[in-house]
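Chemist: Can you look at this prediction? I've put the sequence above it.
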Number of protein chains: 2
Amino acid sequence: MKQVTIGIDIGGTNTKFGLVDKDGRILASHSIRTPRDQSINDYVEELSRSLHGLIDLSQEELQLMGMGIGAPNGNYYEGTIEDAPNLIWDGVIPFVDLMKEKFDVHTVITNDANAAAIGEMVYGGAKEMKDFIVITLGTGIGSGFIVNGELVYGADGFAGEFGHVITVWDGRPCTCGRRGCIETYASARGVVLTVMAELAGSKRDSGLRNLHYQEITPKKIFEAAEAGDPIAQRAFERTGNMLGRALSNLVNIFSPEAIFLFGGVARAGHWIIDPTKNAMENNVLPIFRNKVQIIPSHLPASDAAILGASALAWKELEKLKK
Amino acid sequence: MKQVTIGIDIGGTNTKFGLVDKDGRILASHSIRTPRDQSINDYVEELSRSLHGLIDLSQEELQLMGMGIGAPNGNYYEGTIEDAPNLIWDGVIPFVDLMKEKFDVHTVITNDANAAAIGEMVYGGAKEMKDFIVITLGTGIGSGFIVNGELVYGADGFAGEFGHVITVWDGRPCTCGRRGCIETYASARGVVLTVMAELAGSKRDSGLRNLHYQEITPKKIFEAAEAGDPIAQRAFERTGNMLGRALSNLVNIFSPEAIFLFGGVARAGHWIIDPTKNAMENNVLPIFRNKVQIIPSHLPASDAAILGASALAWKELEKLKK
């Protein structure tokens, strides 16, 4: 019998799920739409049916060991999803309890960035590390902090909001209602805003002048930078400079072995990694200089969310054994 | 037989030490000068002789369980003191090994702020807490972070340098060679600088105008504030505003149950706590609002250093039992 855990990643648009073995091999995976108008009970029903289907289709005989869920505002302690801004269900959803009615296995939930951090520890580049940080640079910025080999959940289960660390007092307006959060500078949207600022402040020629605001993406900026576009290159440099400064403050507090970058902006590779690393080293306290690696996540982008959620389940089973 | 640990606090001027039982009762304590020109071996010799004297003087029969040491740049993992700027010995001192030659007990070292955090957990106001932060507002700013009931030492043993988190880019020059560290605003020296700035920027009458720079201390500013001095009151308000902003960023990351303030500046009570709390609440991410207490340390100021160091030893013994 093959031992597997279920990994579920609930995103604003899609819910991805898969069966994953202890080595991080995805035996089967599938996805459904995250509803825009369905009740939570109907959604749990549909998700469970799809999961049972996936298990039944398996060629091997499976032993289901546990279930891990990554969801916006997922609360590890309570097993709930609480007032997630990009899901339709208001209030506090007892999601772990709802899933346990369908699958009688140990089930845990956290947010997607925390799941990514555990994925990096169980399957990725942090297998040998006890102190590291994962930053997801997507539409927003998420983060997961591992200290002494354990995830930092904080007193209420919601720790790890690096994206909303204020880096510029009275800086750019953020979706959270505050100003100057690092998310407004180093998320996908942040880089695009920096391109706009560069276009406004420079007379230099750039292919990016032919795209309107909604068309510009980190991928397009990356392609422009690769093709020698000075505006694109300068936008990544400014983004990395801001991100590196913010990371230097994290290093002073956590002294991590490495910081893993994940998500759309991180896929710009050296264009973003190099200025980030430079700014971090230039701003960190001297005793931490040249100690902390900044590296791209080792998890495959397409499967990272499922892997992270399933790793959460494996990690929990390990804890229970102790 | 009474079980005790030795707590040693090595400061730039004095070395304090004591015998402490599991309830935080100090059975005996003493101090010697931290040398300005003595070799490390002579110092260890003198310290051991004083400690043996303290043990011999005891009325009760004692069972020595362990030793905890708080020292600048104390490295928990290595048992060393590394390039401490305010001690005379250069390089890496294997201090734990040197002490173990004199006392054959389990011995651990960390810096004084980390020891203060463990003291707060073992004897102070954080007995029931698993996630909290201790900030020491003294000549400099130190900090100890407790996550999941464990101290955050980081990958190299030097984590927890909140004092050098940059809060104002290109702000006040810091002793570390960088600019804008929170230490330059909220340490004892920082508050004095803010008083100078207030005196320079205002025509208001103030008793503080009769003191020169070196004479102004947090205690004098506190007394002036109590007596209604508007410059003193405004200096604490500005200090708290800066500190609260910096703490709001910590809360977004750690989601602690409480933040304990300790040291000379914290003794200004509500003059510093209230504006700090206000600024923190105004700047923190909404989900963390009204969740985090800011409270003065519960440890007695005079004995906190010895208590913290001895608590480190008790905590270590507990870990070894597991």
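Modeler: Noted; the coordinates are in hand.
Chemist: switch to C-alpha atoms for all contacts and neighbour counts from now on
Modeler: OK.
Chemist: got the residues of the stretch 51-200 of chain A near chain B?
Modeler: Residues of the stretch 51-200 of chain A lying close to chain B (Cα under 8 Å from any Cα of the partner chain) are A:130-131, A:147-148, A:152-162, A:164-166, A:176, A:178.
Chemist: Give me the subset of the residues you listed lying in strands.
Modeler: In strands, defined here by DSSP state E, the members of those are A:V147.
Chemist: Would you mind listing which of the residues of the stretch 51-200 of chain A next to chain B are buried?
Modeler: For these, a neighbour count by 16 or more other Cα atoms under 10 Å in any protein chain shown gives the buried set as A:130-131, A:147-148, A:152-162, A:164-166, A:178.
Chemist: Next secondary structure after the longest helix along chain A?
Modeler: Longest among the helix segments of chain A by residue count, using DSSP state H, is helix A:230-254. Once the chain leaves helix A:230-254, the next helix or strand it forms, by DSSP states H and E, is strand A:258-262.
Chemist: buried ones in whichever helix or strand comes after that next one?
Modeler: Per DSSP H and E, the first helix or strand lying C-terminal to strand A:258-262 is helix A:270-283. Neighbour counts over helix A:270-283 (16+ other Cα under 10 Å) mark A:271-277, A:279-283 as buried.
Chemist: Distance from the chain centre to stretch A:163-173, please.
Modeler: 20 Å (Cα atoms, centre = their mean, to the nearest Å).
Chemist: mean confidence for that stretch?
Modeler: On average, the pLDDT along stretch A:163-173 is 96.
Chemist: Run through who's touching it.
Modeler: Applying Cα atoms under 8 Å, 6 or more residues apart in numbering or on different chains, the external contacts of stretch A:163-173 come out as A:140-143, A:176, A:179-185, A:242, A:246, B:249, B:252-253, B:285.
Chemist: Now it: buried residues?
Modeler: Buried-residue list, stretch A:163-173, by 16+ other Cα under 10 Å: A:163-168, A:172.
Chemist: Can I get it in CSV? Just the C-alpha atoms.
Modeler: Taking C-alpha atoms only, stretch A:163-173 is exported to CSV below (Å, rounded to 0.1, in the frame of the first residue of the first chain):
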residue,chain,number,x,y,z
GLY,A,163,3.6,41.8,2.7
HIS,A,164,2.1,44.3,5.0
VAL,A,165,5.3,45.4,6.8
ILE,A,166,5.4,49.1,6.2
THR,A,167,8.6,49.9,4.4
VAL,A,168,7.9,53.5,3.3
TRP,A,169,5.9,55.6,5.8
ASP,A,170,3.2,57.4,3.9
GLY,A,171,4.2,55.5,0.8
ARG,A,172,2.0,53.9,-1.9
PRO,A,173,-1.6,53.1,-0.9
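Chemist: Give me the pLDDT value at the residue lying closest to A:N41 once chain neighbours are set aside.
Modeler: Take A:N41 and drop its neighbours on the chain: the residue closest to it by Cα to Cα, 6 or more residues apart in numbering or on different chains is A:L98, 8.0 Å away. For A:L98, the pLDDT comes out at 97.
Chemist: Am I right that A:L98 sits in a helix?
Modeler: Yes. A:L98: assigned to a helix according to DSSP: H, G, I helix; E, B strand; the rest coil.
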